[in-house]
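> Sequence first, predicted model second:
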Amino acid sequence: MTTYDPNNIFAKIIRGEMPCTKVHEDDVAFAFMDIMPRADGHVLVIPKAAARNILDIAPADLAALMPSVQKVAKAVKAGMKADGITLQQFSEPAGGQVVFHIHFHVLPRWDGIALRPHTGAMEKPEILEAHAAKIRAALADVR
């Protein structure tokens, strides 16, 4: 397994060196809109701890991250008025990982609507912000 690269794009987002449409931040997690969403309201949740993926993250860091993943998932479902949630985590290239900082995809799902394919097409910033605003508003009510 390759070591963690502190200059990956998500590490740069956490440090404020790259822009993002932020949804949530707490002591251990940072959540932001995926710029190539497979569903409206697709959010990424990452730990502030440096870890490549599920295979190398410290168990304590993973345990500390999961309440934030759950909180964001609840807000995504509520804010986007979704019927359900798909949670994805990819590890290593063979597992589909592209950015090598552990991250969870939170995808709102609606009955009868398939996920869009990953085409590499970037969403317009104003649409990402509109979805983020709905999710941030829903965060206030998440328990």
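It's in. Numbers count the residues shown, from 1 in each chain.

> List the contacts of the lengthiest helix in the chain.
Ranked by residue count and defined by DSSP state H, the top helix of the chain is helix 59-79. Outside helix 59-79, the residues within contact range by CB atoms under 8 Å, 6 or more residues apart in numbering are 23-24, 26, 28-29, 31, 41, 43, 45, 47, 49, 51, 54, 57, 82, 84-85, 87, 104, 106-108, 131, 134-139, 141-142. C-betas here are computed from N, CA, C, even on glycine.

> And that helix, what's buried?
For helix 59-79, burial by neighbour count (16 or more other CB atoms under 10 Å) applies to 64-65, 68-69, 71-79.

> as a whole number, average confidence for that helix?
The average pLDDT within helix 59-79 is 98.

> now swap in stretch 34-52 and tell me
Average pLDDT, stretch 34-52: 98.

> measure it end to end?
In stretch 34-52, first residue to last residue: 18 Å (CA to CA, to the nearest Å).

> Stretch 49-68 too?
So stretch 49-68: terminal residues 13 Å apart, CA to CA.
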